[in-house]
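Sequence and predicted structure are below.
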Amino acid sequence: MRAPLDRKIEAQTGVSPAELLQPTTPVGSAVAALRMVAHGSTGRTAIVMLDAGKAPK
């Protein structure tokens, strides 16, 4: 049921929803870091630095 939506998201962004949610992938680690900052927010400023790239398919 989700397959058409997953394919559309991957076609438009180059990243599948599964990759987006897995902390072991580069984009997934970014999302995990942002979640950690958002959910652990104590009103302090946070900086999330990323150094990763995805090779074109």
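Received it, and whenever you're ready, just let me know what you need.

which non-adjacent residue is nearest residue 15?
Nearest residue to residue 15 in three dimensions, chain neighbours excluded: residue 27, at 5.3 Å (C-beta to C-beta, 6 or more residues apart in numbering). Bear in mind the C-beta positions are built from the backbone N, C-alpha and C, glycine included.

for the helix or strand hosting that neighbour, which positions count as buried?
Using DSSP states H and E, the element containing residue 27 is helix 26-39. Neighbour-count burial for helix 26-39, with 16 or more other C-beta atoms under 10 Å as criterion, is recorded at 27, 28, 30, 31.

okay, residue 17: pLDDT?
pLDDT, residue 17: 91.

what's the answer for residue 32, then?
For residue 32, pLDDT reads 85.

Quick check: the residue nearest to residue 15 touching residue 20?
Yes - at 5.8 Å, residue 27 counts as touching residue 20 under the criterion of C-beta atoms under 8 Å.

which stretches of this protein have low pLDDT?
41-43, 51-57 (pLDDT under 70).

What segments of it are helices?
For the chain, helices defined by DSSP state H occupy the ranges 3-13, 17-21, 26-39.

In JSON lines, list those along with distance to residue 50.
JSON lines is the format used below for the helices of the chain (distance: least, C-beta to C-beta, whole Å):
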{"stretch": "helix 3-13", "distance to residue 50": "16"}
{"stretch": "helix 17-21", "distance to residue 50": "14"}
{"stretch": "helix 26-39", "distance to residue 50": "5"}
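
closest to residue 47 out of the ones you listed?
Residue 47 sits nearest to helix 26-39 of all these, at 9.1 Å, using C-beta to C-beta.

which strands and helices sit next to that closest one?
Judged by 3 or more C-beta pairs under 8 Å, 6 or more residues apart in numbering; DSSP states H and E, the packing partners of helix 26-39 are helix 17-21.

what's the helix it packs on packed up against?
Packed next to helix 17-21, using 3+ C-beta pairs under 8 Å, 6+ apart, are helix 3-13, helix 26-39.

who wins for proximity to residue 49 among those helices?
Nearest to residue 49, of the helices and strands packed on helix 17-21 and by C-beta to C-beta, is helix 26-39 at 9.0 Å.
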